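1. Turn this into a model:
(chains A and B)
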Amino acid sequence: MDIARREILAGAAAMAVVAFAGVSGGFLLRSGFDRAGIADLLALLPDKHAAARIGAAWLGRHNELASSWDTLPRLVAERLAKSGWRGGDIDALRALVASLVRTDFETGAIEDVDGWRISRFQAELCGLACLDASRPKARG
Amino acid sequence: MFVDGRQVPSGTVLETDIAIIGAGAAGITLARELIGDSRRVMLIESGGFDLDTDTQALYEGESQGVDYALDAARLRYFGGSTNHWGGFCRPLAEIDFETRDWVPHSGWPLSRADLDPYYTRAQAVCQLGRDLTAADFDDTAAWAKRGLGAPLPFADDAFVTRFFIYSAPLRFGEAYRDEVGRAPNIVTYLNSNVLEIVPDAMARQVELLRIGTLGGHTFDIRPKICVLACGGIENARLLLLSSSVQPAGLGNGNDLVGRFFMEHVHVPGQIALIAMDDKAAIPAGYNEPKEINGALVRAILMPSDAYLRREKRLGLNIAIYPMRAPGAEGTPEAERPSEAGIAQLLQLQSAGASATIFGASCAAEPIPTPGNRVLLAASRDALGQNRAKLVWRPTIEEHRDLARNVDALGQSFGRWGRGLVKALFTEKPAWGEDEIGWGNHHVGTTRMAIDPKQGVVDADARVHGLGNLYVAGSSVFPTGGPVNPTLTIVALTLRLADHIKSINLTGRV
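-> Purely as a prediction, here's the structure:
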């Protein structure tokens, strides 16, 4: 296990994770879930460092997601697929994400991240940003 | 006419038809209503026209639980605590009067509809603006049309926009002094402290009021009707001090006098921060009072009745205001930006270009709790009277309720899609000391109920078991609702005035 993942598992400050890792969608693309447009999802978050900080705080309380490189991307991909996503332009993806976030708030799928009440899907996106930012450089 | 009680020779016995003890919002309102009545009225006030430190010291007391300065929370001179009133006015809602199975000891013996005409009259007494009625406190369309801004268009029904309408704030003593002084049937005794309300031997009727001054004079007043209007703490204290015939205190046969004390917890600072996608998404009418057509109005958020019933929650009022950038709190243009991570999460849902932080503060409805109470302390004041001792401990149920309402606020802003909420007030196993502020609202200590075993006064505000003793003020509220009490105090007093005017005193001695 590399240092970055241990820090996430311990719920440690994401700043160090992000500074260590750099930012790219490459790892997630190689994880086999690019069909769900995960790279495009990350493109919706222009400040990936800031998103990764939120994601690290959230993953710190979700070891089942932080302990695997694949689990969270798979969950997100499955949710997109269930929502009918078969790929498309960024505007269509943005509309779908807005819809998923709205549905989360409607159904009470709300996460507490440092006091902020954000939707489950918002938290998952930030979690993806964190995982992506903390990928081992050796594999890149 | 005003008379300085210190000039009344000791041993004097005065007679009147109606004695009103206390010249605050309730006492002055009642006296004004009786101007021109055929009955003689005596208004009895402990203080003079200005604050006097020796008289104010009579309000010193003890507290247990919350460290509560009893002398700082109220004022003891003509006009009473309206002399430091903030002017916030809003009626209680219909649900506040109902028996709610999730609020122990809730339920008034009257409804909002019963009080509506009095609320409208009370608005005039408090000088809230011309041509307004009780309906104006809830009428979002009307205020939007008048320029206050549209209500926040939440997608769910948890929170709705309501309004505070502000008094100037009116200092009742200054505003109505001349009117009361000129009234031919009213004599106001200043610097005159009621030491005891003395009933007959069977404790069925009040016979006389024993009056004392700080200079040592004593005299008596014999009223046909007596109205206690000293405020939510002092009303209970004076009944408990009136023990020469009933040792437990007057009207206290069921050990209820002083119990069920309530205050509105005002959490210091903010209960939440709200990141909005655009600062204009919160209309200015929410951020501070606005003067419109001669009325001073501010929009607030309150839980809807439907939400309160569905979730079995307590009432709440939430004020929203823009936060300033750290170090620039006094600079209006320096709105505090949201952190970048939250800003871009907002932009997942909306096209807003910037994220601005607003603060949310609140006042919360208390649960009537018999253990929260006013007692007599062992220590005594300069008149030799036992001081008041306040026992007040907000309950963990109230804490949990408020925290869950903050969560619901987060859900409402999230569903709307233009805001995200950071909860600063969250569930904990106990109240933190730094979480408890209050509004100087003293409610519930002589609660109103039809059943004498459930309340001190009946639906007419008459003390159970006593034919001619009434109580005016927030001490009669069975529940406190989530809003400031003054408008309701005045409305109930106007209702009491109508009742008293209907009483035939002929033949009463």
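
2. mind listing the helices in chain B by residue range?
-> B:25-33, B:53-56, B:94-97, B:112-125, B:140-145, B:172-182, B:234-241, B:284-287, B:305-311, B:340-347, B:396-416, B:486-501 (DSSP state H).

3. mind putting these in JSON lines, mean neighbour count and mean pLDDT included?
-> All C-beta atoms are positioned from the backbone trio N, CA, C, and that covers glycine. JSON lines is the format used below for the helices of chain B (neighbours: other Cβ atoms under 10 Å in any protein chain shown; pLDDT from 0 to 100):
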{"stretch": "helix B:25-33", "mean neighbour count": "26", "mean pLDDT": "98"}
{"stretch": "helix B:53-56", "mean neighbour count": "14", "mean pLDDT": "98"}
{"stretch": "helix B:94-97", "mean neighbour count": "20", "mean pLDDT": "98"}
{"stretch": "helix B:112-125", "mean neighbour count": "19", "mean pLDDT": "96"}
{"stretch": "helix B:140-145", "mean neighbour count": "15", "mean pLDDT": "94"}
{"stretch": "helix B:172-182", "mean neighbour count": "17", "mean pLDDT": "97"}
{"stretch": "helix B:234-241", "mean neighbour count": "27", "mean pLDDT": "98"}
{"stretch": "helix B:284-287", "mean neighbour count": "19", "mean pLDDT": "93"}
{"stretch": "helix B:305-311", "mean neighbour count": "16", "mean pLDDT": "97"}
{"stretch": "helix B:340-347", "mean neighbour count": "23", "mean pLDDT": "89"}
{"stretch": "helix B:396-416", "mean neighbour count": "21", "mean pLDDT": "98"}
{"stretch": "helix B:486-501", "mean neighbour count": "24", "mean pLDDT": "98"}
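
4. For residue B:455, which of the ones you listed is the nearest?
-> Checking those against residue B:455 by Cβ to Cβ gives helix B:234-241 as the closest, at 12.8 Å.

5. residues in contact with that closest one?
-> Here helix B:234-241 makes contact (Cβ atoms under 8 Å, 6 or more residues apart in numbering or on different chains) with B:21-22, B:59, B:74, B:194-197, B:228-230, B:248-252, B:257-258, B:261, B:374-376, B:385-386, B:388, B:445-446, B:456, B:463, B:471, B:473, B:475.

6. Mind giving me the PyMOL select for the residues you listed, buried ones only?
-> Only the buried entries of the contacts of helix B:234-241 go into this PyMOL selection, using 16 or more other Cβ atoms under 10 Å in any protein chain shown:
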select buried, chain B and resi 21+22+59+74+194+195+196+197+228+229+230+249+250+251+252+257+258+261+374+375+376+385+386+388+445+446+456+463+471+473+475
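
7. In strands, which of the contacts of helix B:234-241 appear?
-> B:21, B:194-197, B:228, B:374-376, B:386, B:388, B:471 (DSSP state E).

8. So which of the residues you listed reach chain A?
-> Taking Cβ under 8 Å from any Cβ of the partner chain as the test, chain A is in contact with none of the ones in strands among the contacts of helix B:234-241.

9. now, which of those residues sits nearest chain A?
-> residue B:374 (37.2 Å; Cβ to the nearest Cβ).

10. I figured the closest one was touching residue B:392, is that so?
-> No: using Cβ atoms under 8 Å, residue B:374 is not in contact with residue B:392, being 9.2 Å away.

11. what is in contact with those two at once?
-> residue B:261.

12. residues in chain B within reach of chain A, list them.
-> Checking chain B against chain A by Cβ under 8 Å from any Cβ, the hits are B:155-156, B:339-342, B:344-345, B:348-350, B:407, B:410-411, B:414-415, B:417, B:420-424, B:426.

13. rerun at 7 Å
-> B:339-342, B:344-345, B:348-349, B:407, B:410-411, B:414-415, B:417, B:420-424 (Cβ under 7 Å from any Cβ of the partner chain).

14. residue ranges with poor pLDDT in chain A?
-> Applying pLDDT under 70 to chain A picks out residues A:1-37, A:136-140.

15. Helices of that one, residue ranges please.
-> Going by DSSP H, chain A shows helices at A:3-9, A:14-21, A:26-28, A:38-43, A:48-59, A:63-66, A:71-82, A:90-107, A:120-133.

16. and the worst-scoring helix or strand of chain B on mean pLDDT with helix B:396-416, angle?
-> Here the helix or strand of chain B ranked lowest by mean pLDDT, DSSP states H and E is helix B:340-347, holding a mean of 89. Per axes from the mean of the first three to the mean of the last three Cα atoms, to 10 degrees, the angle that helix B:340-347 makes with helix B:396-416 is 60 degrees.

17. For chain A, see how far away residue B:462 is.
-> 48 Å (Cβ to the nearest Cβ, to the nearest Å).

18. Not counting its neighbours along the chain, what's nearest that residue?
-> residue B:470 (5.3 Å; Cβ to Cβ, 6 or more residues apart in numbering or on different chains).

19. ok, the one you found touching residue B:496?
-> Yes: assessed by Cβ atoms under 7 Å, residue B:470 is found in contact with residue B:496 at 6.2 Å.

20. tell me, what's touching these two both at once?
-> Common neighbours of residue B:470 and residue B:496, using Cβ atoms under 7 Å, 6 or more residues apart in numbering or on different chains, are residue B:461.

21. Leaving aside the residues adjacent along the chain, what's closest to residue B:503?
-> residue B:225 (6.9 Å).

22. Could you pull up the contacting residues of that neighbour?
-> Applying Cβ under 7 Å, 6+ apart, the residues near residue B:225 are B:17-18, B:468, B:500, B:503.

23. Check residue B:443 too.
-> B:232, B:262, B:474, B:477, B:480, B:485.

24. one more time with 6 Å
-> The neighbours of residue B:443, taking Cβ atoms under 6 Å, 6 or more residues apart in numbering or on different chains as the test, are B:232, B:262, B:474, B:477, B:480.

25. Repeat that for residue A:50.
-> Contacts of residue A:50 by Cβ under 6 Å, 6+ apart are B:340-341.

26. Now with 7 Å, please.
-> Contacts of residue A:50 by Cβ under 7 Å, 6+ apart are B:339-341, B:344.

27. Same question for residue B:43.
-> B:20, B:23, B:27, B:31, B:180, B:186, B:188.

28. Residue B:20 and residue B:32 touch, don't they?
-> No: using Cβ under 7 Å, residue B:20 is not in contact with residue B:32, being 10.7 Å away.

29. Which residue, neighbours along the chain excluded, lies closest to the residue in the stretch 301-450 of chain B that chain A sits nearest to?
-> Using Cβ to the nearest Cβ, residue B:410 is the residue of the stretch 301-450 of chain B that sits closest to chain A, at 3.1 Å. Nearest non-adjacent residue to residue B:410, counting by Cβ to Cβ, 6+ apart: residue A:117, 3.1 Å away.

30. I appreciate the help and will end here.
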